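>>> Take this sequence and fold it.
(2 chains)
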Protein chains: 2
Amino acid sequence: MAETTIVEGERRMVVAAIDESEESIYALKWCLDNLIPARDANTVVLLYARPVTPTYSMLNGAGYLFSEEVLASMDRYSRDLANSVLERAENICRNYDNIKVEKKARSGDARDVICDTVDKVGADVLVMGSHGYGFIKRAFIGSVSDYCARNAKCPVLIVKRRA
Amino acid sequence: MAETTIVEGERRMVVAAIDESEESIYALKWCLDNLIPARDANTVVLLYARPVTPTYSMLNGAGYLFSEEVLASMDRYSRDLANSVLERAENICRNYDNIKVEKKARSGDARDVICDTVDKVGADVLVMGSHGYGFIKRAFIGSVSDYCARNAKCPVLIVKRRA
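Below you'll find the predicted structure:
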């Protein structure tokens, strides 16, 4: 059994995928309250996937569609948003003892960013909210949580609010 | 925050969906080691979904396809299997303190049986393994864990073995 599980007192590495939604904050709190015993030292990696912003000006018939100023401003907005979301999550973690918090904002498709990070940090568990995409959207692109539940190389806890 | 989470010392209701696979036993152990703090009293509902067996004799051109004896024997086999799987899981739970175990075997499609039971017992969390169905099978019928992650009315922990 030692091979398959984490023994008491061992440091756990938890990756919590965070976005702007209340649901992801709820998932983080649920995990802190239920998954992480106060007696153990744990590391929580707060992970925010930033959508990729275009890095060059684009042309259309009428000239520049996005000027460099607009691109820079989009990029700044995206960074500010990432910081604000991660800081909010970090503040929540401060209410709990014995937790070391790491913040990561990485650009890319959320599915790849999350599964990649789980792999790189050697996560023991991934925690995330479940987004209520409608049937059509889910049928074609699948939800981020569906994808991660299948592909992340560790146990996945999907937390949604009770109906 | 009290509204959204389970407070320390409160009794947790965990539903663990169990089948014949080693993966579901691994999921149960992971949950007992990581999700259930020994200081709290918890109830673990071990749930086994029995495939539906035909309950009447079927005719084909040559006469009875399944005689009543065969049906009775299939049913007996299915009950024995359920008991054996549930007993094995119960023995694992005995290694942990402060856990009240309930065993349930219910007939029906695993997806419906699991989501229904979660609802009925007011589960705080559902724990299950994730089956490695191939792409084709999953594309058409979806896996049980995919379905439950979307439809169960509580947080869902999907545990798979590390690659």
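
>>> Check the average confidence over the host helix or strand of A:S78, would you?
Using DSSP states H and E, A:S78 sits in helix A:68-93. The average pLDDT for helix A:68-93 rounds to 89.

>>> And the strands in chain A?
A:12-18, A:42-50, A:59-60, A:63-64, A:99-107, A:125-129, A:156-159 (DSSP state E).

>>> do you know which of those strands lies nearest B:P155?
Nearest to B:P155, of all the strands of chain A, is strand A:156-159, at 4.1 Å by CB to CB. For every residue, glycine as well, the C-beta is placed using N, CA and C.

>>> Sheet-wise, list the partners of that closest one with their directions.
strand A:125-129 (parallel), strand B:156-159 (antiparallel) (DSSP bridges).

>>> for these, which one sits closest to A:K153?
So among the strands paired with strand A:156-159, strand A:125-129 is nearest, using CB to CB, at 9.2 Å.

>>> between the closest one and strand A:12-18, how many degrees?
Strand A:125-129 runs at 20 degrees relative to strand A:12-18, counting by axes from the mean of the first three to the mean of the last three CA atoms, to 10 degrees.

>>> who touches strand A:125-129?
Contact with strand A:125-129 is made by A:12, A:14-17, A:19, A:21, A:23-24, A:26-28, A:30-31, A:35, A:114, A:118, A:144-145, A:148, A:152, A:154-160, B:34, as judged by CB atoms under 8 Å, 6 or more residues apart in numbering or on different chains.

>>> what is the rounded mean pLDDT of stretch A:144-156?
89.

>>> oh, I was asking about stretch A:109-118
94.

>>> Please apply the same query to stretch A:13-26.
On average, stretch A:13-26 scores 90.

>>> for the helix holding A:S78, packing partners?
Taking 3 or more CB pairs under 8 Å, 6 or more residues apart in numbering or on different chains; DSSP states H and E as contact, the helices and strands that helix A:68-93 lies on are strand A:12-18, helix A:22-34, strand A:42-50, strand A:99-107.

>>> Direction included, what does the last one pair up with?
If I follow you right, that is strand A:99-107. By DSSP bridges, strand A:99-107 pairs with strand A:42-50 (parallel).

>>> Check the offset of the strand it pairs with from the chain's centre.
Between the centre of strand A:42-50 and the centre of its chain there are 6 Å (CA atoms, centre = their mean, to the nearest Å).

>>> relative to helix A:22-34, how tilted is that strand?
170 degrees.

>>> Just the CA trace of strand A:42-50, in CSV.
Output of strand A:42-50 as CSV, limited to C-alpha atoms (Å, rounded to 0.1, in the frame of the first residue of the first chain):
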residue,chain,number,x,y,z
ASN,A,42,1.5,20.7,2.0
THR,A,43,2.4,22.7,-1.0
VAL,A,44,-0.4,24.2,-3.0
VAL,A,45,0.5,25.3,-6.5
LEU,A,46,-2.1,27.9,-7.6
LEU,A,47,-2.2,27.7,-11.4
TYR,A,48,-3.8,30.2,-13.7
ALA,A,49,-3.8,29.5,-17.5
ARG,A,50,-3.7,32.8,-19.4
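
>>> Residues in contact with that strand: which ones?
A:11-19, A:28, A:32, A:36, A:78-79, A:81-82, A:85-86, A:89-90, A:93, A:98-110, A:113-114, A:117, A:121, A:123.

>>> quick one on the thing from earlier: let me have the strands paired with strand A:156-159 in CSV, extended by mean neighbour count and distance to B:L71.
Shown next, in CSV, are the strands paired with strand A:156-159 (neighbours: other CB atoms under 10 Å in any protein chain shown; distance: least, CB to CB, whole Å):
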stretch, mean neighbour count, distance to B:L71
strand A:125-129, 26, 44
strand B:156-159, 26, 35
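
>>> A:S73 is nearest to which of those strands?
strand A:125-129 (28.7 Å).

>>> Which residue comes closest to A:A105 once chain neighbours are left out?
Counting by CB to CB, 6 or more residues apart in numbering or on different chains, A:A105 lies nearest to A:A82, which is 3.9 Å off, once chain neighbours are set aside.
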